[in-house]
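*Asks:* what would the 3D arrangement of this be:
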Amino acid sequence: MFNTLDWIIVGLYCIGIISLATYVSRTSSGKERTAEDYFLAGRSLPWWAIGASLIAANISAEQIIGMSGQGFVVGMAIAVWELTAAIALIVMAKFFLPLFLEKKIYTMPQFLEERFDKRVSLVLSFFWLTVYIFINLTTVLWLGSIAINTLTGLSLVNGLILLALLSLAYSLSGGLKAVAMTDIVQVVLLIFGGLAVSFIALNTISDDAGVLSGLTIVYQELPEKFDMILSPDNPSYENLPGIWILLGAGVWIGHFAYWGFNQYITQRALGAKSIKEAQKGVMFAAYLKLLMPLVIVLP
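*Replies:* You can find the predicted model right below:
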């Protein structure tokens, strides 16, 4: 359970995030904020903000809890989703982004309206709004409130309300620019926090003999957990069917749909200063994806 120092740290973190969002979203005196300023950060995001924001948008409560749990059950093979996502991001940067940015696309439904017609755009808008509100948002808030309840004893409903209010406080007031800049802080904490947990755990396993010694001990005790390609006799083969997870179309269709045409994700890249800046940001996100097995799965 949290002690006084823990609450002080969390309080300072919340104040810092809201203050940062307020600072970066300020406008010049007399300048009216446009829809482009709000939804696409005025198309002014640098590559490092885009890359960090893409990862922060992707890694949320359900993925941290779900992937770490699957890492315990399946092993490092679950990391194939992260490694293949890096490839999908490279394809997105090379082929999808130039098209979206050249046409000055704001949203994916807008792109489909230009490519097809209004009916297709409305169907996609309705579909994604339903998914975001009733599946994505509720799942993330609920799992986040479970984590808060476990750490602090705060009730699930109060934890859910707290998370929702904190998110609204900086996202509604500052738009995409505020979200992207605060995402940088959260990604830094996520990566260094995950690596620190891995380091401490492996060092503890080896009785302070070092990380490599700890990793060697884990490998000797549980070699099957380090298999990246599962054999047919593995209990988890049905969910991760060996080499077919790489050769089959399903995983790639999912990746390209998520990273290339998902408004929640692509909006970060659409806010770039230029095509080159957007591509560098997406490539940066692909590199960060390669760290996720060490940050989430290994601990």
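*Asks:* list the contacts of the least confident helix or strand in the chain by mean pLDDT.
*Replies:* Between all helices and strands in the chain, the lowest mean by mean pLDDT, DSSP states H and E belongs to helix 35-40, at a mean of 71. Residues from elsewhere that reach helix 35-40, judged by C-beta atoms under 8 Å, 6 or more residues apart in numbering: 27, 42-43, 106, 175-177, 267, 270-271. (Each C-beta comes from the backbone N, C-alpha and C, glycine too.)
*Asks:* could you list the low-pLDDT ranges of this structure?
*Replies:* 1, 26-33, 35, 61, 173, 299 (pLDDT under 70).
*Asks:* still on that earlier bit, of the contacts of helix 35-40, which is the most crowded?
*Replies:* residue 271 (28 neighbours; other C-beta atoms under 10 Å).
*Asks:* tell me the phi and psi of that residue?
*Replies:* Here is the backbone geometry of residue 271 (degrees, to the nearest 10): phi -90, psi 10.
*Asks:* how about the strands in this structure?
*Replies:* Assigned by DSSP state E, the chain shows no strands.
*Asks:* looking at it, which helix is longest?
*Replies:* If you go by DSSP state H, the chain has its longest helix at helix 156-205.
*Asks:* pick out whichever of the contacts of helix 35-40 sits closest to residue 80.
*Replies:* Among the contacts of helix 35-40, residue 267 lies closest to residue 80 (C-beta to C-beta), at 26.6 Å.
*Asks:* picking up where we left off before, how about the least confident helix or strand of the chain: buried residues?
*Replies:* 36-40 (16 or more other C-beta atoms under 10 Å).
*Asks:* can you list those in a markdown table and add distance to residue 50?
*Replies:* Output for the buried residues of helix 35-40, formatted as a markdown table (distance: C-beta to C-beta, whole Å):
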| residue | distance to residue 50 |
| --- | --- |
| 36 | 16 |
| 37 | 17 |
| 38 | 17 |
| 39 | 15 |
| 40 | 11 |
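*Asks:* in this structure residue 222 contacts residue 74, no?
*Replies:* No. In this structure, residue 222 is not within contact of residue 74 by C-beta atoms under 8 Å, at 11.6 Å.
*Asks:* more crowded one of the two?
*Replies:* Comparing residue 222 with residue 74 by other C-beta under 10 Å, the one with more neighbours is residue 74, at 23 against 10.
*Asks:* and that one, what does it touch?
*Replies:* 225, 230, 236, 239-240.
*Asks:* and these, which two are furthest apart?
*Replies:* Across the contacts of residue 74, no pair lies farther apart than 225 and 239, at 15.3 Å, counting by C-beta to C-beta.
*Asks:* neighbour count winner among these two?
*Replies:* residue 225 (17 against 14).
*Asks:* nearest spatial neighbour of that one, skipping sequence neighbours?
*Replies:* residue 75 (3.3 Å; C-beta to C-beta, 6 or more residues apart in numbering).
*Asks:* tell me the contacts of that neighbour?
*Replies:* If you count contacts by C-beta under 8 Å, 6+ apart, residue 75 has them with 222, 224-227.
*Asks:* distance to residue 90 added to these, as a markdown table?
*Replies:* Converted to a markdown table, these look like this (distance: C-beta to C-beta, whole Å):
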| residue | distance to residue 90 |
| --- | --- |
| 222 | 32 |
| 224 | 31 |
| 225 | 28 |
| 226 | 26 |
| 227 | 25 |
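*Asks:* which one of those residues is nearest to residue 111?
*Replies:* The closest of those, once distances to residue 111 are taken by C-beta to C-beta, is residue 227, at 40.2 Å.
*Asks:* can you list the contacts of residue 74 in TSV and add distance to residue 218?
*Replies:* Listed next are the contacts of residue 74 as TSV, based on distance: C-beta to C-beta, whole Å:
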residue	distance to residue 218
225	8
230	18
236	18
239	23
240	20
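*Asks:* what is the nearest of those residues to residue 282?
*Replies:* residue 240 (25.8 Å).
*Asks:* the closest one touches residue 76, doesn't it?
*Replies:* No. Using C-beta under 8 Å, residue 240 is not in contact with residue 76; the gap is 10.8 Å.
*Asks:* more neighbours: these two, which one.
*Replies:* residue 240 (21 against 15).
*Asks:* phi and psi next, for that one.
*Replies:* The phi and psi values for residue 240, taken as degrees, to the nearest 10, are phi -130, psi 80.
*Asks:* which ones are touching residue 202?
*Replies:* Counted by C-beta under 8 Å, 6+ apart, residue 202 has contacts 211, 213-215, 218.
*Asks:* one more pass at 7 Å, please.
*Replies:* Going by C-beta atoms under 7 Å, 6 or more residues apart in numbering, residue 202 touches 211, 214-215.
*Asks:* just send those back as a markdown table, with neighbour count and distance to residue 97 too.
*Replies:* Formatted as a markdown table, the contacts of residue 202 follow (neighbours: other C-beta atoms under 10 Å; distance: C-beta to C-beta, whole Å):
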| residue | neighbour count | distance to residue 97 |
| --- | --- | --- |
| 211 | 15 | 37 |
| 214 | 21 | 41 |
| 215 | 16 | 37 |
